[in-house]
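Asker: For reference, the sequence and a predicted model appear below.
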Amino acid sequence: LSMDGDFNALNAAAALAMLIRLGLEPDANVLQAMERVRIAGRMERFKADNRVVYVDYAHNKASVTALLDFVDERYGERRPLITLVSGSAGGKAIDRRKGIVNAAQDRVDRLILTADDEDGESSDQVDRQMLGFVTNPGLEASIVPDRAQAIKQALGDPGRPEDRLQITLVIGKGEERWFKKNGSHEPYEGDDHVVARLLGTESYDLGATGAARS
């Protein structure tokens, strides 16, 4: 698959199993089509220089753990510098905030907390609460209120080809083009578009053609 992650492979396997159960034997065309499937904002990978970025909807302890498990399996031998950019929605699912921090704080090098949806509770309040859950003294943790600026800070300088691999995980919003604020929607560029603009690249597709696709 061009989509990374064991969970996506398992979903694809389940889809094939259902086809077989229905008596619809998958042929080569079906398999090749599945290889090229891409869903914007879901394990969407960008690559430039020595930087790899994943934009994903991960938003709780389980999904962040799965994402970091994948990063460790795929890139662990290269000892990458890992930065996580995350917020959490205001006014709901309060337990997610501690869950995200606990899943990440001993497995990433930097944690940048930033804007997310709001409903009666500001992102600043949520981010400050999440920062209070950090107990690892070795973690570089900060709050950058503007989400696009937080992503820019996370990406940092391109460095040299021989420099340490930098992996940035931008989670929670995916391809959403808005922030929910007290019942209304405020326009937002979208994490995937911010990353593509800052890196000057498109999402990185390892499908049959090997071509990058937006």
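Answerer: Great, that's in hand.

Asker: for the residue in the chain sticking out farthest from the centre, phi and psi?
Answerer: Centroid-distance maximum for the chain: residue 23 at 36.3 Å, with Cα atoms, centre = their mean. Residue 23 adopts backbone torsions of phi 80, psi 20, taken as degrees, to the nearest 10.

Asker: so what pLDDT did it get?
Answerer: pLDDT for residue 23: 94.

Asker: What distance do you get for it to residue 200?
Answerer: Residue 23 sits 48 Å away from residue 200, going by Cβ to Cβ, to the nearest Å. From N, CA and C alone the C-beta is placed, and that goes for glycine too.

Asker: With residue 38 instead?
Answerer: Residue 38 sits at a distance of 20 Å from residue 200 (criterion: Cβ to Cβ).

Asker: swap in residue 141?
Answerer: 28 Å.

Asker: Look at those two and report which has more neighbours.
Answerer: residue 141 (18 against 8; other Cβ atoms under 10 Å).

Asker: What's opposite the more buried one in the beta bridge?
Answerer: Residue 141 has these beta-bridge partners by DSSP bridges: residue 111.

Asker: Tell me the confidence at it?
Answerer: 98.

Asker: wouldn't it be in contact with residue 108 here?
Answerer: No. With contact defined as Cβ atoms under 8 Å, residue 141 does not reach residue 108; the gap is 9.5 Å.

Asker: Give me the residue ranges of this protein where confidence is low.
Answerer: Applying pLDDT under 70 to the chain flags residues 203-214.

Asker: Would you map the strands across it?
Answerer: Under the criterion DSSP state E, the chain carries strands at the ranges 44-48, 51-56, 81-86, 110-113, 140-143, 166-171, 178-181, 184-187.

Asker: Now tell me what touches the fourth one from outside.
Answerer: This points to strand 110-113. Contact partners of strand 110-113, identified using Cβ atoms under 8 Å, 6 or more residues apart in numbering, comprise 81-87, 101, 104-105, 127, 130-131, 134, 139-144, 150, 153-154.

Asker: So which bits of that strand are buried?
Answerer: By 16 or more other Cβ atoms under 10 Å, the buried positions in strand 110-113 come out as 110-113.

Asker: could you redo those residues as CSV and give each row distance to residue 76?
Answerer: Converted to CSV, the buried residues of strand 110-113 look like this (distance: Cβ to Cβ, whole Å):
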residue, distance to residue 76
110, 17
111, 19
112, 22
113, 25
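
Asker: Please identify which of those residues is nearest to residue 159.
Answerer: Taking Cβ to Cβ as the measure, residue 159 sits nearest to residue 110 out of the buried residues of strand 110-113, at 14.8 Å.
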